[in-house]
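*Asks:* quick one, what's the 3D model for this:
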Amino acid sequence: MGKALFWVAIFVGSLLVTRLLARKAAQRGLEAGQSGTNSPFASRKPAALRSSEQMVRCEQCGVHLPVSEAIRTGSHIWCSQEHAKLGVKSGT
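*Replies:* Numbers count the residues shown, from 1 in each chain. Purely as a prediction, here's the structure:
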């Protein structure tokens, strides 16, 4: 019984050490990515995700969409031509 507990303790200890080393490596990689170096851990987001765009709300259904995809009619904003034809949703 003593030998089994010894080997279980060795196994658990090695898992903890491995996990700590992996966490430190990932943290160093993130720090390197923030400083502008090419690291395998550096975040490589597509250009579309790096830049943000203002979101607007459709006045008919209430869905939020990027300004570039919205349809504007005067001061009103719509998500589609169908909703622009329906007009502003009346209060319930």
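
*Asks:* got the domain boundaries for the protein?
*Replies:* Domains of the chain are assigned by automatic domain parsing as 1-44, 47-86.

*Asks:* and among those, the most buried is which?
*Replies:* Each of those was scored by mean neighbour count; the highest is domain 47-86, a mean of 13, by mean count of other CB atoms under 10 Å. The way it works is simple: take the backbone N, C-alpha and C, and place the C-beta from them, glycine included.

*Asks:* tell me the mean pLDDT over it?
*Replies:* Average pLDDT, domain 47-86: 88.

*Asks:* do stretch 1-18 as well
*Replies:* Mean pLDDT, stretch 1-18: 95.

*Asks:* now it: how far from the chain's centre is it?
*Replies:* Relative to the chain's own centre, stretch 1-18 is displaced by 37 Å; criterion: CA atoms, centre = their mean, to the nearest Å.

*Asks:* got the phi and psi for the residue lying closest to residue 67 once chain neighbours are set aside?
*Replies:* Excluding the flanking residues, the one nearest residue 67 by CB to CB, 6 or more residues apart in numbering is residue 54, at 4.9 Å. Main-chain dihedrals, residue 54, degrees, to the nearest 10: phi -70, psi 140.
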